[in-house]
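**Student:** Quick one, structure for this:
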Amino acid sequence: MKSHFLRSVSLSKILTITTLMSALVAGCGGGSSNAPVTPVVTPDVANPLGSGHFEAATFIKTVNVADVAAALPTDVAAAVKPLYSVDTYKITYTTTDAAGRSVIASGLAAIPRKATSIASPVLSYQHATIKIDAGAPSNHATADEPAVLFASLGYLVSATDYVGYGASKGLPHPYLLATPTAVSVIDFMTATSRWRQMKAIADNGQVFLTGYSEGAYASMATLRLLTQNKTASTILPVSTYIGAGPYDVVLTLNATLDAIRKDNPILGALISPGFLKILGANDRANVRNLLLLSALGTQSDISFDPTFLDNFLNDDYSSITVQSNVYDWTPQSPIQFFHGRDDTTVPYANTDLAFHTMTKRVAPSLTELTDCPAKPSEHLACVPSFLINDITRLSAVARGL
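**Tutor:** Sure thing, here's the model as predicted:
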């Protein structure tokens, strides 16, 4: 667990031209006893073509519960007790890319080995930034994969790879683009729900969302899209627990530039959006490509869509607001935030702004903010505390674990 989850969110902040992108292109026991729920199984499941269509499922392997427990970092193991071995499957499904084109993508379905009569809650886990395709959930069905850990606690876990990983490797990953990110998550939730019904794997109607860093951003974007497109048949999550996400992309990039300017004014001026706008589109593209290459390195095999960075370097804040920012809307279901005040990778101001903006719009009972207790509470250092709090908070309301 430690090696993959922490690697997904780690970042070395360096005062070079890599900082602007690399600060973002890196990240992330049982439940309460309640009244029993009645499993609902529909053998003949509608699976229409188009978004959310379940394509195929390939069994990967069973991960033993003892291996999951052994993979936990010491501080997490003291608070978290895996309960079940986990069957893992690579699921392919239909979704759309940032241009709205239909694509076949993939993700991981992790199923706890329980008695078949137990209906379980569903958890959609969104992963942090990953530079190598081998780290995507469907390619990483191991004991230290977060999706497997959550399944070992009793959840039916859906973890999309996102477009650009897994079956859709080679296509641009819509990094910090809210709608295409959310669509890939929701379509995977739909596809895995259809697959579970075909396999008579019953859920109890409870749905949860969670993620850290980019995973928090993806979860927020997903919850927003579900909420704003809610229909009579939409099931909103029982709870969403997210940590250290760049919900305000302009704020995040500006904070990164400010840090660069303090230590290297010349370099800060060079990559100033206003300065690049004067130089023209070709120069901005050259700087953008250099930033991407420097941040991702020559070992990355993922193509990141540069739209959010192009918008920033072009001073096009209105486009970032529409395409990327996810903090200013009205939730209709509980959302719990977690962040470290000392975070220099994704500034704490992201969470503070999102929390207070939403709290002004809704009943206080729907929003909650927890500060990371680590000293210092940096992005990487807060991952274990996030994981412990995440599991504890969700399990307090989850049934059938």
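**Student:** Would you confirm that G205 contacts I235?
**Tutor:** Yes - if you go by Cβ atoms under 8 Å, G205 and I235 touch, sitting 6.7 Å apart. For the C-beta atoms, the positions are set from N, CA and C on the backbone; glycine is no exception.
**Student:** and Q197, that one's in a helix?
**Tutor:** Yes - under DSSP: H, G, I helix; E, B strand; the rest coil, Q197 sits within a helix.
**Student:** Against T240, how distant is it?
**Tutor:** From Q197 across to T240, the span is 24 Å (Cβ to Cβ, to the nearest Å).
**Student:** more crowded one of the two?
**Tutor:** T240 (25 against 20; other Cβ atoms under 10 Å).
**Student:** show me where pLDDT drops low in the stretch 251-400 of the chain?
**Tutor:** Residues of the stretch 251-400 of the chain meeting the criterion pLDDT under 70: 260, 266-270, 294-295, 297.
**Student:** So what sits opposite T160 in the bridge?
**Tutor:** Here T160 shows beta-bridge partners G107, assigned using DSSP bridges.
**Student:** how near is it to L253?
**Tutor:** T160 is 25 Å from L253, by Cβ to Cβ.
**Student:** ok, the two, which is more surrounded?
**Tutor:** It is T160, of T160 and L253, that has more neighbours when counted by other Cβ under 10 Å, with 33 against 24.
**Student:** thinking that one is in contact with G107, fair?
**Tutor:** Yes - at 3.8 Å, T160 and G107 qualify as touching, with contact defined as Cβ under 8 Å.
**Student:** Spell out which residues are contacts of both of those two.
**Tutor:** Counting by Cβ atoms under 8 Å, 6 or more residues apart in numbering, the residues touching both T160 and G107 are 137, 188.
**Student:** so where do the strands sit in the stretch 1-150 of the chain?
**Tutor:** 54-63, 86-96, 102-112, 120-126 (DSSP state E, counting those that start in this stretch).
**Student:** swap that for the stretch 151-300 of the chain, sorry
**Tutor:** Using DSSP E, counting those that start in this stretch, strands in the stretch 151-300 of the chain cover 156-160, 203-212, 239-243.
**Student:** Could you look over these and pick the most buried one?
**Tutor:** strand 156-160 (a mean of 30; mean count of other Cβ atoms under 10 Å).
**Student:** neighbouring contacts of that strand?
**Tutor:** Contacts of strand 156-160 (Cβ under 8 Å, 6+ apart): 105-112, 120-127, 137-138, 146-148, 150-151, 184-185, 188-189, 192, 196, 201, 203.
**Student:** hang on, the earlier thing: deepest in the core, which of the strands of the stretch 1-150 of the chain is it.
**Tutor:** strand 120-126 (a mean of 27).
**Student:** can you give me the offset of it from its chain's centre?
**Tutor:** Per Cα atoms, centre = their mean, to the nearest Å, the displacement of strand 120-126 from the mean C-alpha position of its chain is 12 Å.
**Student:** For it, the averaged confidence score.
**Tutor:** Computed over strand 120-126, the mean pLDDT rounds to 98.
**Student:** Quick one: work out the angle between that strand and strand 156-160.
**Tutor:** If you take axes from the mean of the first three to the mean of the last three Cα atoms, to 10 degrees, strand 120-126 sits at 20 degrees to strand 156-160.
**Student:** Mind exporting the C-alpha coordinates of strand 120-126 to PDB?
**Tutor:** What follows is strand 120-126, C-alpha atoms only, in PDB (Å, rounded to 0.1, in the frame of the first residue of the first chain):
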ATOM      1  CA  SER A 120     -22.700  -4.300   0.000                       C
ATOM      2  CA  PRO A 121     -22.200  -0.600  -0.400                       C
ATOM      3  CA  VAL A 122     -20.500   0.700  -3.600                       C
ATOM      4  CA  LEU A 123     -17.400   2.900  -3.500                       C
ATOM      5  CA  SER A 124     -16.100   4.800  -6.500                       C
ATOM      6  CA  TYR A 125     -12.400   5.400  -5.900                       C
ATOM      7  CA  GLN A 126     -10.600   8.000  -8.100                       C
END
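**Student:** Direction included, what does it pair against?
**Tutor:** strand 156-160 (parallel), strand 203-212 (parallel).
**Student:** For V76, find the nearest of those.
**Tutor:** strand 203-212 (13.2 Å; Cβ to Cβ).
**Student:** to the chain's geometric centre, what's the distance from that closest one?
**Tutor:** 13 Å.
**Student:** How about the residue nearest the centre of the chain: what's its closest non-neighbour residue?
**Tutor:** Centroid-nearest residue in the chain, with Cα atoms, centre = their mean: G215, separated by 1.7 Å. Spatially, and ignoring its direct neighbours in sequence, G215 is nearest to Q126 (3.9 Å; Cβ to Cβ, 6 or more residues apart in numbering).
**Student:** neighbours of G50, just the number please.
**Tutor:** Other residues close to G50 by other Cβ under 10 Å number 10.
**Student:** what does K114 give?
**Tutor:** What K114 shows, counting by other Cβ under 10 Å, is a neighbour count of 17.
**Student:** got the contact list for the residue nearest to it when sequence neighbours are not counted?
**Tutor:** Leaving aside its sequence neighbours, K114 sits nearest to Y84 (Cβ to Cβ, 6+ apart; 6.1 Å). Contacts for Y84 were tallied using Cβ under 8 Å, 6+ apart; they are 65, 112-114, 151-154.
**Student:** wait, isn't E55 in contact with I104?
**Tutor:** Yes - in this structure, E55 is within contact of I104 by Cβ under 8 Å, at 6.2 Å.
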